[in-house]
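J.: take this sequence and fold it.
(4 chains)
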There are 2 protein chains.
Amino acid sequence: MQTLKQHSSKRKILDAAVKLIRTKGYAATSVDDLCEETGLTKGSFFHHFKGKEDLGIAAAEHWTAITAPLFKGAPYQNLETPLARVLGYVDFRKSIAQGTLPEFTCLAGTMVQEVHTSHPAIAQAGGAAITGHAATLVADIQAAMEESGRTFPCTAQSLALHTQAVLQGAFILAKATGGPDAAADSISHLRRYIELLFDQTEE
Amino acid sequence: MQTLKQHSSKRKILDAAVKLIRTKGYAATSVDDLCEETGLTKGSFFHHFKGKEDLGIAAAEHWTAITAPLFKGAPYQNLETPLARVLGYVDFRKSIAQGTLPEFTCLAGTMVQEVHTSHPAIAQAGGAAITGHAATLVADIQAAMEESGRTFPCTAQSLALHTQAVLQGAFILAKATGGPDAAADSISHLRRYIELLFDQTEE
DNA sequence: GACTAAAAACATACCGATTGGTATGTTTCG
DNA sequence: CGAAACATACCAATCGGTATGTTTTTAGTC
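T.: Numbering: from 1, shown residues only, chains lettered A, B, ... in the order given. Now for the predicted structure:
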């Protein structure tokens, strides 16, 4: 009823896009689907977005806008040591992966996989979302490495990216096996790997 | 020009499907695309397949038919110890991952991710391809576990699935970062994890 | 082995539905 | 008022799929 409304429409489209693309995929999500989901019309859609590809890019950016505060405000951030926070992150992601499939899938990963050839701009935006998220882990990993005093066969950046690879792969595994169990299992392997790397086997 | 021809057409369609879906994705690969790629027509296509979804399922099965002998005949199979073969498998996959993007991507993973909601039958076929491939690793992993005499915090089956998760994730990472380097890096992490698990750090 | 009939393989032309997108409004609000 | 936000109606293109052929193999019979 006031100035919020103009922005809320765009946000409603983006939210619907995240939801639908996450479950059905980018190509299977039509503009009409978005309109029906939001109760808006095509006129409104094409007023806010130049086209479907533009929406895809915006959705990838919206995705980081949604997820970034989720991790920034997560309880594991209050843990004392950097290593505890890194492991806390993995545990946090594992706990998220217990829900139903469309709830814990990664929009960016889904899009990147699907549109990487047909819509490079979207894939690039999705890639930025993934690498950007990985970057938020680097500081803690780096600090944990330095604190441990050991030498590592890999960089913090590399390990951060690897965590994302395992998570993305876990999502595919969940979809392939029809349940989250295999995904949770794989994330446990990731946790164990980090523990082994840092030579800290206690829980 | 003889009895081969009848079967070669269907195979040509399947080969083209694997190639196109791997690069463009399932939805973005139209029946017309397949016809153009193979030089055939729609009449031929719909003679061999009930519909596009039927092709998708067949493509997933064709995928295992292609990849299974590739691994069964790979040099690492001749290594002596089970553990060496497991690590050899990982190295083999890492070496494959050096090529161009569409060459080392996994058709099954790509499809599962994309059509998991819209075409459950295809997703199921793709899932079977992945879990089936993972199953070929279980025997060696199991044997390696028993040979080592140690106790393990996970089953052979679980570790086998995890390797697939890392590989699938590595593919996404490759697409996200625009190059195979991050993927190869992630596969190295997987190798290191297995080494650490089996307490064998020498190369 | 020649002839034939049916069945499998393939081609052509087309269809209805849906797609992303546009043109042209009307409403809302600063 | 004027610009941004939204709605309605429509379009050309493309989609998967079908109907109807024509060609090629295969199988059976004499």
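
J.: from DNA strand D, how far out is A:P120?
T.: With the distance defined as Cβ to the nearest atom of the strand, to the nearest Å, A:P120 ends up 18 Å from DNA strand D. Bear in mind the C-beta positions are built from the backbone N, C-alpha and C, glycine included.

J.: burial count for that residue?
T.: Using other Cβ atoms under 10 Å in any protein chain shown, A:P120 has 13 other residues around it.

J.: buried residues in stretch A:121-141?
T.: A:122-131, A:133-134, A:137-138, A:140-141 (16 or more other Cβ atoms under 10 Å in any protein chain shown).

J.: what does stretch A:137-156 give?
T.: Neighbour-count burial for stretch A:137-156 flags A:L137, A:V138, A:D140, A:I141, A:Q142, A:A143, A:A144, A:M145, A:S148, A:C154, A:A156 (criterion: 16+ other Cβ under 10 Å).

J.: from these, which has minimum pLDDT?
T.: In terms of pLDDT, the lowest of the buried residues of stretch A:137-156 is A:S148, showing 93.

J.: just to revisit the earlier point, among the buried residues of stretch A:121-141, which ones are in helices?
T.: Of the buried residues of stretch A:121-141, the ones assigned to helices by DSSP state H are A:122-131, A:133-134, A:137-138, A:140-141.

J.: hmm, which two among these are most spread apart?
T.: A:I122 and A:D140 (29.7 Å; Cβ to Cβ).

J.: where do the helices of chain A begin and end?
T.: A:3-24, A:31-38, A:42-48, A:52-72, A:82-96, A:101-104, A:107-115, A:120-148, A:156-177, A:181-197.

J.: ok, the residue most central in space within chain A to DNA strand D distance?
T.: The C-alpha lying nearest the average C-alpha coordinate of chain A belongs to A:C106 (Cα atoms, centre = their mean; 4.3 Å). A:C106 sits 26 Å away from DNA strand D when distances are taken as Cβ to the nearest atom of the strand.

J.: right, and that residue touches A:A170 too?
T.: No: with contact defined as Cβ atoms under 8 Å, A:C106 does not count as touching A:A170 (9.8 Å).

J.: what's the closest non-adjacent residue to A:A134?
T.: A:A160 (4.4 Å; Cβ to Cβ, 6 or more residues apart in numbering or on different chains).

J.: so what's the residue count around that neighbour?
T.: 22.

J.: residue contacts, it?
T.: A:A160 makes contact with A:A134, A:A135, A:L137, A:V138, A:I141, according to Cβ atoms under 8 Å, 6 or more residues apart in numbering or on different chains.

J.: low-confidence ranges in chain A?
T.: A:1-7, A:200-203 (pLDDT under 70).

J.: quick check: A:L87 touching A:R192?
T.: No: in this structure, A:L87 is not within contact of A:R192 by Cβ under 8 Å, at 10.3 Å.

J.: so between the two, which is more surrounded?
T.: A:L87 (22 against 18).

J.: test my guess that A:T81 contacts A:D140.
T.: No: using Cβ under 8 Å, A:T81 is not in contact with A:D140; the gap is 9.1 Å.

J.: is any residue of stretch A:57-76 near DNA strand D?
T.: No: counting by Cβ under 7 Å from any atom of the strand, DNA strand D is not contacted by stretch A:57-76; separation bottoms out at 14.1 Å.

J.: is any residue of that stretch near DNA strand C?
T.: No: residues of stretch A:57-76 are not located near DNA strand C by Cβ under 7 Å from any atom of the strand, the shortest gap being 12.1 Å.

J.: neighbours around A:G51, how many?
T.: 10.

J.: and for A:K42?
T.: Residues near A:K42, counting by other Cβ under 10 Å: 11.

J.: and the spatially closest residue to it that is not a sequence neighbour, how far from A:A16?
T.: If the residues on either side of it in the chain are set aside, A:K42 comes closest to A:C35, at 5.8 Å by Cβ to Cβ, 6+ apart. Distance check for A:C35 against A:A16: by Cβ to Cβ, to the nearest Å, it reads 9 Å.

J.: and those two? Which one has more around it.
T.: For A:C35 and A:A16, the more surrounded residue by other Cβ under 10 Å is A:A16, and the numbers stand at 20 against 17.

J.: contacts for stretch A:99-110 next, please.
T.: With contact meaning Cβ under 8 Å, 6+ apart, stretch A:99-110 is reached by A:18-19, A:21-23, A:25-26, A:59-60, A:63-64, A:96-98, A:126-127, A:129-130, A:133, A:167-168, A:171, A:174-175, A:180, A:183, B:113-114, B:116-117, B:172, B:176.
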